[in-house]
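Asker: what would the 3D arrangement of this be:
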Amino acid sequence: MRSLLPSMSERVNLFEAYTSGLPPPDMGPFVRVNMISSLDGALAVGGRSGGLGGPADRLLFSVLRSLADVVLVGAGTARVERYGPVELPRELQSARQERGQAPLPPVAVVTQSADLDWSSKLFAATSPRTIVIAPGTTHVDKLARAREVADVFTTGTGAVDLASAVRALAAEGMHHVLCEGGPTLTTSLAAAGLVDELCLTLSPQLAGSVGGPLMGGWLGSGGLWLARTHLSHGSYERRFQSQPLTQLVRLQLVHLLEEDSYLFLRFRRRGE
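Answerer: Next up, the predicted model:
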């Protein structure tokens, strides 16, 4: 993988590229979003994002997971993408332990209904256990069932309070949150002012997008302005009530990498 910006380089160390500038844990929660899009804005092919990826994207996917304390995902995406516990090569697990992290990060599922398949592979892991984040108003019987196979965080009335959920994760030592979608959860995090970084992979494909991109925007002067929101057709949990972005969120381009015509962009939220 080579670097195009901020400087040209024919070989990039991904760990150095994606750890530079990260805040220390005592600075509070840090939320990084990782997503992939076709050139015409599709977030999935056949309902799943895997069809857009390639070897370099899958490598970066593992690197970002290896750096995180917890992987955050919406319930609909967990269903469609058939999520299981995080798996990492032995060398990445060892590197985590050397940094003082657990060998593997848990998956935290945000759900408004707590209607999940408790027999799925996602809830088979015992170390670390999957985390379920649900509204505080969820029926006690559903929460009791969830606690049989997962650690449960409750926050918010009627819907999950994402800011409170992120703080609760940080209070348990999970400061570095990696959000892997879906689009509704990502949009809601952005609307709540919780997105510190966006890692966007542009796949060199045209997918005939119908729903359009999650967040429309344009590149210019080293920044990304995120403005409007769209939901993809059918694939994501409809109960999750996303908040519209009421103002532009400006991000600063940190770097631009390339391999096999895939573009890997890392953006950081601008300071006020």
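
Asker: show me where the chain has its helices.
Answerer: Using DSSP state H, the helices of the chain run over residues 14-19, 55-67, 75-80, 90-98, 140-149, 162-171, 183-191.

Asker: contacting residues around the fourth one?
Answerer: Spelled out, that is helix 90-98. Helix 90-98 has contacts (CB atoms under 8 Å, 6 or more residues apart in numbering) with 15, 62-63, 66, 88, 102-104. The C-beta positions use only the backbone N, C-alpha and C, and glycine is treated the same way.

Asker: same check, this time on the second one
Answerer: Outside helix 55-67, the residues within contact range by CB under 8 Å, 6+ apart are 1, 14-15, 18-19, 22, 32, 34, 36, 53, 71, 86, 88-89, 92-93, 95-96, 105, 176, 178, 199, 201, 203, 259-260, 262, 264.

Asker: buried residues, that helix. List them.
Answerer: Taking 16 or more other CB atoms under 10 Å as the basis for neighbour counts, the residues of helix 55-67 that come out buried are 56-57, 60-61, 63-67.

Asker: could I get those residues as JSON lines with pLDDT?
Answerer: JSON lines is the format used below for the buried residues of helix 55-67 (pLDDT from 0 to 100):
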{"residue": "56", "pLDDT": "92"}
{"residue": "57", "pLDDT": "93"}
{"residue": "60", "pLDDT": "95"}
{"residue": "61", "pLDDT": "95"}
{"residue": "63", "pLDDT": "96"}
{"residue": "64", "pLDDT": "97"}
{"residue": "65", "pLDDT": "97"}
{"residue": "66", "pLDDT": "97"}
{"residue": "67", "pLDDT": "97"}
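
Asker: for these, which one is nearest residue 192?
Answerer: The shortest gap between residue 192 and any of these belongs to residue 64, at 21.2 Å (CB to CB).

Asker: next one: that closest one from residue 129, what distance?
Answerer: With the distance defined as CB to CB, to the nearest Å, residue 64 ends up 21 Å from residue 129.

Asker: same check, this time on residue 258
Answerer: Separation of residue 258 from residue 129 (CB to CB): 38 Å.

Asker: before we move on, what about residue 147?
Answerer: Note on residue 147: its distance to residue 129, by CB to CB, is 10 Å.

Asker: kindly report the same for residue 263.
Answerer: If you go by CB to CB, the gap between residue 263 and residue 129 works out to 36 Å.

Asker: what of residue 169?
Answerer: Per CB to CB, residue 169 is found 14 Å from residue 129.

Asker: of these two, who's got more company?
Answerer: Set residue 169 next to residue 129 and count neighbours by other CB atoms under 10 Å: residue 169 wins out with 23 against 16.

Asker: for the more buried one, what are its contacts?
Answerer: Counting by CB under 8 Å, 6+ apart, the residues that residue 169 touches are 29, 69-70, 72, 108, 131, 153, 175, 177.

Asker: who's in contact with the spatially most central residue of the chain?
Answerer: The central residue of the chain, meaning the one whose C-alpha is nearest the mean C-alpha position (CA atoms, centre = their mean), is residue 179 at 1.8 Å. Contact partners of residue 179, counting by CB under 8 Å, 6+ apart, are 31-34, 72-73, 185-186, 189, 195.

Asker: among those residues, which two are most distant?
Answerer: Every pair in these was compared (CB to CB); the two farthest apart turn out to be 73 and 195, at 14.9 Å.

Asker: residue 128: neighbour count?
Answerer: Counted by other CB under 10 Å, the residues lying close to residue 128 total 17.

Asker: give me the phi and psi for the spatially closest residue to it that is not a sequence neighbour.
Answerer: In space, residue 128 comes closest to residue 106 once its chain neighbours are excluded; the distance is 3.9 Å by CB to CB, 6 or more residues apart in numbering. Residue 106 adopts backbone torsions of phi -80, psi 160, taken as degrees, to the nearest 10.

Asker: dump the contacts of residue 179 into CSV; add neighbour count and distance to residue 6 as well.
Answerer: Converted to CSV, those look like this (neighbours: other CB atoms under 10 Å; distance: CB to CB, whole Å):
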residue, neighbour count, distance to residue 6
31, 24, 23
32, 22, 19
33, 24, 21
34, 23, 20
72, 29, 29
73, 21, 31
185, 26, 30
186, 25, 25
189, 24, 26
195, 22, 21
